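Trainee: sequence below, structure please.
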Amino acid sequence: MISNIFNISRINEGYLILFSGLVIVFSALLLLSVFFKYGLPFLLYIYRILIKGPDKKISDIQIDSDRRFTGEEAAAIAAALQIYLNEQHDIENPILTIKQAKKSYSPWSSKIYGTQNRVK
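Mentor: Residues are numbered from 1 along each chain as shown. Below you'll find the predicted structure:
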């Protein structure tokens, strides 16, 4: 009788753990989906207001540029990047050959001597 009661309590305990785990997982998923749906756009809106200032539009912000940066420098940088990114280092033969190395027999590496029963 008592073992039957303990068995039922274990089953009820298992269901309690199952349902509490399901509630935790699905509530976390619901909370994350609400955050990504409403919270993230709100935070991005606040970020845009802080970055651009209260009176400016994003299209009104001027990008600072260096007046001494010429077209020749841009062309030299672009050419260096083109050479670097398209450079082929080595042209190797794509055929692999595997050669078996010959191992000389050594009694020190032989396992047969350790498997024998030596009774005196």
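
Trainee: could you use CA atoms for every contact and neighbour count after this?
Mentor: Will do.

Trainee: what about residue 65, which SS state?
Mentor: Under the three-state scheme (DSSP: H, G, I helix; E, B strand; the rest coil), the conformation of residue 65 reads as coil.

Trainee: for it, give its distance to residue 77.
Mentor: Separation of residue 65 from residue 77 (Cα to Cα, to the nearest Å): 17 Å.

Trainee: equivalent analysis for residue 20, please.
Mentor: Taking Cα to Cα as the measure, residue 20 and residue 77 are separated by 60 Å.

Trainee: just to revisit the earlier point, give me the more crowded residue out of residue 65 and residue 77.
Mentor: Neighbours per residue (other Cα atoms under 10 Å) separate residue 65 from residue 77, with residue 77 holding more: 12 against 7.

Trainee: for that one, grab phi and psi.
Mentor: According to degrees, to the nearest 10, the main-chain angles of residue 77 amount to phi -70, psi -40.

Trainee: cool, and residue 99?
Mentor: Backbone dihedrals for residue 99, given as degrees, to the nearest 10, come out at phi -110, psi 130.

Trainee: could you do the one 3 residues further on as well?
Mentor: Dihedral pair for residue 102: phi -80, psi 130, per degrees, to the nearest 10.

Trainee: can you pull the contacts of residue 85?
Mentor: Taking Cα atoms under 8 Å, 6 or more residues apart in numbering as the contact definition, residue 85 lies against nothing.

Trainee: distance of it from residue 79?
Mentor: Relative to residue 79, and taking Cα to Cα, residue 85 is found at 10 Å.
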